[in-house]
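Asker: Need the 3D shape of this:
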Amino acid sequence: MSFVKRVSSAVKASYWVIGLMVATVVVLAAPTAAQASPLPIMHWGWNQSSTWWSGSIQVSQGYGCTYVPHEPYPPSWKGSCPSSAPRFHSGIDIGMGCNTTIVTPVPVVVVAIGGITATGARYSGGIDGGAGSGFGPYYPTLRLPDGHDVILGHVNKTLATRGQTVAAGQPIAVSGTQGNSSGCHLHFEVRAGGGGLFSDVDPTPFLTLANTPPPPPSHPIVNQAHGLCLDAAAQTVWNDGGIVQLWSCVGASQHNQQWYSVGNEIRNLMDGKCLDADWGGDGSYGGKVQMWSCNNGPNQQWVLNGSGQYVNQAHGLCLDADWGGDGTNGGKVQLWGCNSGPNQKWVPPSGPTSYTYHVVAPGGSLNERSAPSTSATYEGTLPNGATINIVCQTSGSSLNGSSIWDRLTNGYYVSDYYTSTPNFATWSPPIPHC
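Answerer: Prediction:
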């Protein structure tokens, strides 16, 4: 909840400080000197450009420890603020005028408006003290592709509905002064997905988010000795030297088991890192295979031969599933002299890879067409909620603002607008283009 306070002319006559007041149900105590982790100090007054709005607008209160009254004291587990700025502001206040259009730079899902979800339940990441309190009744909570939540506080209107997926580049809200605010501005806050008060993170990097094109078509790489998938271990997938192992195949939604090729590099869909033969053990049987930032080195070049073997170009050894751990989750993937064993054969599944979603046509059904057009031959009807398996996406005639069509495994096409894919007006990675 915000108030506006005029700073004395000795500081800056035209400057406004906008703070966050929280109508608390539980009173938060001031931190003590014994708390160890220092929190960042709030700054203000600079002009901030962003991919969420046009132009450069003055920041009236930054993220961090503040002296502004009515901001909450941070709990001890979050960290400590100095006595000169003992309270904490969990977002960035942008001094934009009322009814300024805010555009989402990336695809988002509107998980709640005013702290209420599409089912009418109170969202766990809503403002403490009651749905819609503080930030007003219209503030949206937006789920980013990386799983964080963005809160746009005090807006006069959200330009989407609860549960809706909004494509990148589309208007999402207009700024205002709703809730406990005495002046037009935007409170921009980023939290852990579903997190409540004080699950916030520094929102600065999120001010310049940019939509990225979909990655190349990806697929699992399945070992033919036992049917387990080549897997970049989730706990180390973001690290150079990350573990590569065998694991039960879990489908297209598990991006650390999805791989795509750039030349002779094999890249992981989750982090974009390359399958790498460790130089330390290069040329020896049992040498380590790992994840590493792509560098175009010969130890990251893998040629798939006619026998289904991936041959490393640094030394001619093959990608090998160790027989000792064969058939078990966590089994070792290594380098070995090429032979005819099935543990060296890595072949993507036969037939086109498909991605499972559902029909979303409340009160109706979805028509299958022979081509991506509403005027193409009618081939059948799919009821609301039906499971569909999408092979690829293509462009076609526009329906309700979306020109994206999905090709199903039976060869027919359906409008993407009426499916549960993440985006309805643009492409939905990792589904490839037809």
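
Asker: residue ranges with poor pLDDT in the stretch 251-400 of the chain?
Answerer: In the predicted model, the stretch 251-400 of the chain carries pLDDT under 70 at residues 253, 281-283, 325-326, 348-353.

Asker: what about 50?
Answerer: Residues of the stretch 251-400 of the chain meeting the criterion pLDDT under 50: 349-352.

Asker: Let me see the ranges of the strands in it.
Answerer: Ranges of strands within the stretch 251-400 of the chain are 259-262, 265-268, 274-277, 289-292, 302-304, 310-312, 318-321, 333-336, 346-347, 355-358, 365-369, 378-383, 387-399, based on DSSP state E, counting those that start in this stretch.

Asker: all helices for this structure, in order.
Answerer: Applying DSSP state H to the chain gives helices spanning 9-12.

Asker: Can you give the domain ranges for it?
Answerer: 2-208, 222-347, 355-418 (automatic domain parsing).

Asker: re the thing from before, can you put the strands of the stretch 251-400 of the chain in a markdown table and add distance to residue 112?
Answerer: Just so you know, the C-beta spots here come from the backbone N, C-alpha and C atoms, and that holds for glycine as well. Compiled in a markdown table, those are given as follows (distance: least, CB to CB, whole Å):
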| stretch | distance to residue 112 |
| --- | --- |
| strand 259-262 | 34 |
| strand 265-268 | 32 |
| strand 274-277 | 39 |
| strand 289-292 | 36 |
| strand 302-304 | 45 |
| strand 310-312 | 46 |
| strand 318-321 | 45 |
| strand 333-336 | 42 |
| strand 346-347 | 43 |
| strand 355-358 | 22 |
| strand 365-369 | 27 |
| strand 378-383 | 28 |
| strand 387-399 | 27 |
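
Asker: Could you dump those into a markdown table and include mean neighbour count and distance to residue 178?
Answerer: Putting the strands of the stretch 251-400 of the chain into a markdown table (neighbours: other CB atoms under 10 Å; distance: least, CB to CB, whole Å) gives the following:
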| stretch | mean neighbour count | distance to residue 178 |
| --- | --- | --- |
| strand 259-262 | 16 | 44 |
| strand 265-268 | 21 | 43 |
| strand 274-277 | 25 | 48 |
| strand 289-292 | 23 | 46 |
| strand 302-304 | 17 | 55 |
| strand 310-312 | 22 | 57 |
| strand 318-321 | 26 | 57 |
| strand 333-336 | 22 | 54 |
| strand 346-347 | 20 | 56 |
| strand 355-358 | 17 | 35 |
| strand 365-369 | 18 | 37 |
| strand 378-383 | 14 | 40 |
| strand 387-399 | 17 | 34 |
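
Asker: about what we covered before: can you say which of the domains of the chain is nearest to residue 428?
Answerer: Nearest to residue 428 among the domains of the chain is domain 355-418 (6.8 Å), distances taken as CB to CB.

Asker: For the residue nearest to residue 362 when sequence neighbours are not counted, list the residues it contacts.
Answerer: Once flanking residues are discounted, residue 362 sits nearest to residue 384: 6.1 Å by CB to CB, 6 or more residues apart in numbering. By CB atoms under 8 Å, 6 or more residues apart in numbering, the contact list for residue 384 reads 359, 360, 361, 362, 363, 364, 365, 366.

Asker: Tell me the bridge partners for the residue nearest to residue 55 when sequence neighbours are not counted.
Answerer: Spatial nearest neighbour of residue 55, chain neighbours left out: residue 49 (7.0 Å); criterion: CB to CB, 6+ apart. Using DSSP bridges, the beta-bridge partners of residue 49 come out as residue 56.
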